[in-house]
Every structure is written in structure tokens, then in C-alpha cells.
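Visitor: Here is a sequence with its predicted model. Questions after.
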Amino acid sequence: MKKKESALFFSYLRAHILQIAFLLLCFAIFAVILYLYNLPADPVLYAALLCAAAGLGMHLLPGGAPVGCTQEDLADTRAVMAVQASVSGSTDAQSGAAADKVVYLTFDDGPSATTESVLDTLKAEGVPATFFVMAADNNEEYLPLLERTVQEGHLIALHTCSHDYKSIYKSPDAYWDDLQKLREKLLPYVPADHEIKWLRFPGGSTNTVSHRYGGSDIMKKLKADAESRGFTYVDWNVCAEDSLGGHPSASTIYNNIIREVGDKNTCVVLMHDTNATKNTAAALPDVIRWFKNAGYRFDTVDHLEKKP
């Protein structure tokens with residue numbers, strides 16, 4: 001238990017290193033001011049506490065940028081990944097057949113400056129992946145990379161155009177309008193025969209951050225809408241924790257993934273493809289080789305079976 005608590009503590013520190021550094025800097029600055037100008041302690045302390053509160057507020061306020069997958073208001077990463085999809089090749093207990101071990105590598109928030117490196121590794125290792133893409137301003141120049149992505153056998157899936165929680169989750173119509181904008185922006189780069197019917201809700205299908213903008217039943221409505229519109233949404237059950245603050249190292253990302261695999265026969269791995277996640281691309285070769293050595297086969301999420 002102590003070992004687990006220690007691991008969680010250090011994981012928390014890594015995830016909040018920027019906030020912690022900001023608070024320490026505030027206190028250091030005010031300590032220097034207090035010393036140099038011989039000021040009364042109380043007003044300086046009050047000012048430092050205000051800065052600390054501001055730093056905490058910056059951490060707590062929601063924004064449109066991608067967030068890490070271990071925050072409480074996001075989907076439970078340890079739940080079975082697909083609310084609407086189940087996995088083919090499960091264990092046949094009665095016949096005693098060995099379980100089919102399969103891993104679905106998924107990348108959110110691309111394309112980006114990191115995409116080419118990810119594609120190079122996937123090609124070198126001969127494995128497919130699924131890319132849940134966006135078309136925000138910082139994605140625009142990299143959209144042509146989707147042509148290569150499709151040509152090399154990977155699946156393009158949808159992750160909204162903007163990833164702006166406040167905008168997309170204010171109503172079901174707002175979400176579907178944003179998704180339609182994404183589909184239109186993808187048209188020049190994704191062949192017509194590459195059907196895009198798979199999506200991942202920002203924050204996951206069980207997130208609660210959406211409740212702040214669209215009410216407590218917004219995700220229930222969106223999931224029902226997705227099914228009626230012919231979409232399948234996919235969450236994850238293994239998280240790289242690569243979009244948390246502090247820019248985790250390649251070795252940390254690798255260890256996060258292996259730790260969360262545990263004894264799962266089916267793994268949907270959430271990673272991120274952004275300008276800030278180059279360490280994910282650096283970790284990818286070792287991640288793939290670990291899954292290969294562990295006897296997993298690789299597939300894309302369009303081969304998940306829908307629940308009856």
C-alpha cells in the first residue's frame with residue numbers, strides 16, 4: 001500500500017509540476033521583496049497568498065486545450081474502454097481457447113508537428129493505429145499529413161474541430177455543428193471511400209466537465225445522438241498520461257502505459273499527437289515492441305464489434 005501511495009504521490013507531482021513551480025516562485029519573489037525592503041510581513045504574506053490563489057484558479061478553470069486523462073472530471077480510464085463497443089476475439093472459457101490479445105493504439109488531437117514521427121515509427125514497426133483528429137488553428141497546416149495516414153493503412157476518426165469544451169458542450173446542436181465543420185475540413189485530405197463513423201468525445205464519454213456548460217444530461221443526449229446518426233464512440237482503458245502538465249519523459253510515458261495494461265487482453269491506448277507530445281513519439285517504438293513481445297496483435301478501432 002505504501003508503495004502504491006508513493007507512486008500516486010509522485011504521479012501527482014509530475015502532473016502538477018508547473019502549478020507547483022508557479023506557487024514556489026511567487027513565495028520566493030515575495031520573500032526577496034520582504035527581505036530587501038524590510039516590509040511588514042502581513043501585507044507581503046497576503047499578496048503571496050493572493051498569487052497562490054490565482055495560480056490555483058488557473059489550474060482549476062476549464063479551458064479548450066487538451067487535458068490529461070487522469071483528472072476527475074474526465075472519463076474513468078480504468079473502465080472498459082468502449083461504452084458502445086465490445087471487443088471481438090474474447091476468451092472462450094468453455095472451449096478453453098486462449099484469449100485473443102489485441103491492442104488499439106489511438107492518438108488524439110492531431111495532426112501536428114509530431115505526426116510524421118509517429119507515422120514513421122508505425123511504418124517501421126508495421127502496425128496500424130487510429131487517429132482521432134481535429135482541425136483547430138494549430139492543426140490546419142498539418143492536415144495534408146492525413147493523406148499519408150490513410151495511405152499507410154491507419155484509421156482516421158473524429159475528435160471535434162475545436163476541442164473547446166465551453167463551445168462544443170453547451171448543447172447537442174453545438175457539438176454536432178462543430179463535428180460537421182471538422183468533417184468538411186477533412187474532405188480534401190481523406191478519400192471518400194474512407195468512411196469516418198468513429199469518434200471520441202473530448203474528455204471521454206463519461207466526462208463531467210461537459211456538465212458545466214450543457215447540464216448533467218448532455219453526454220447522455222450526445223451518446224444517444226451518436227448512435228442514431230450511425231456513429232460509434234470509443235473511450236480507452238489504458239492512458240499514457242502524456243498531455244498532463246510537466247511534459248512527462250518518454251520513459252515515464254512508457255511506464256504509464258505498461259502499468260495500466262496490467263492483465264488486460266484488450267487494450268485501447270490513449271496517446272496524444274500534438275506539438276507538445278514529442279516524447280510520446282519517442283516512447284512509441286518501445287511501447288510497440290513491448291506489446292509485440294507480450295503477444296498482442298495490433299488493430300484499428302473500426303474492427304471493434306458493436307454491442308447487440
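Guide: Cool, got the structure.
Visitor: Would you list the phi and psi of Val102?
Guide: Backbone torsions of Val102, given as degrees, to the nearest 10, read phi -130, psi 140.
Visitor: what is it paired to in the beta sheet?
Guide: Thr266, Arg297 (DSSP bridges).
Visitor: so it touches Asp299, yeah?
Guide: Yes - the criterion here is C-beta atoms under 8 Å, and Val102 meets it with Asp299 at 5.5 Å. From N, CA and C alone the C-beta is placed, and that goes for glycine too.
Visitor: May I ask you to confirm that Val287 belongs to a helix?
Guide: Yes - counting by DSSP: H, G, I helix; E, B strand; the rest coil, Val287 falls inside a helix.
Visitor: roughly how far apart are it and Asp242?
Guide: Distance of Val287 to Asp242, given as C-beta to C-beta, to the nearest Å: 11 Å.
Visitor: Neighbours of Asp177, how many?
Guide: Per other C-beta atoms under 10 Å, the neighbour tally for Asp177 reads 13.
Visitor: mean confidence score for the helix or strand that it is a member of?
Guide: Here Asp177, judged by DSSP states H and E, is contained in helix 172-186. For helix 172-186, mean pLDDT rounds to 97.
Visitor: Run through who's touching the next helix or strand after that helix.
Guide: Counting by DSSP H and E, the next helix or strand C-terminal to helix 172-186 is strand 198-199. Strand 198-199 is contacted from outside by 130, 132, 155, 157-159, 179, 226, 231-234, 301-302, using C-beta atoms under 8 Å, 6 or more residues apart in numbering.
Visitor: Strands along the stretch 51-200 of the chain, start to end?
Guide: For the stretch 51-200 of the chain, the strands defined by DSSP state E, counting those that start in this stretch cover 85-86, 102-108, 130-133, 155-158, 198-199.
Visitor: which one of those strands lies closest to Met219?
Guide: Smallest distance to Met219 across these (C-beta to C-beta): 12.9 Å, for strand 198-199.
Visitor: rewinding a little: among the strands of the stretch 51-200 of the chain, which comes closest to Gly295?
Guide: When those are compared (using C-beta to C-beta), the closest one is strand 102-108, at 10.1 Å.
Visitor: Export that closest one to CSV, keeping only CA atoms.
Guide: What follows is strand 102-108, C-alpha atoms only, in CSV (Å, rounded to 0.1, in the frame of the first residue of the first chain):
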residue,chain,number,x,y,z
VAL,A,102,-5.3,-7.1,-29.1
VAL,A,103,-4.1,-3.6,-28.7
TYR,A,104,-5.6,-0.5,-30.3
LEU,A,105,-3.1,2.4,-30.4
THR,A,106,-5.0,5.7,-30.6
PHE,A,107,-3.8,9.2,-30.9
ASP,A,108,-5.9,12.3,-30.1
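Visitor: Not counting that strand itself, show me its contacts.
Guide: Taking C-beta under 8 Å, 6+ apart as the rule, strand 102-108 contacts 66, 87, 89, 118, 122, 127-132, 157, 159, 200, 234, 236, 265-273, 287-288, 291, 296-301, 304.
Visitor: try it again with 7 Å
Guide: 66, 87, 89, 118, 129-132, 159, 200, 236, 266-273, 291, 296-301 (C-beta atoms under 7 Å, 6 or more residues apart in numbering).
Visitor: Identify the residues contacting Cys267.
Guide: Counted by C-beta under 7 Å, 6+ apart, Cys267 has contacts 103-104, 237-238, 261.
Visitor: could I get these as a markdown table with distance to Val150?
Guide: Shown next, in a markdown table, are the contacts of Cys267 (distance: C-beta to C-beta, whole Å):
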| residue | distance to Val150 |
| --- | --- |
| Val103 | 21 |
| Tyr104 | 17 |
| Asn237 | 26 |
| Val238 | 25 |
| Val261 | 28 |
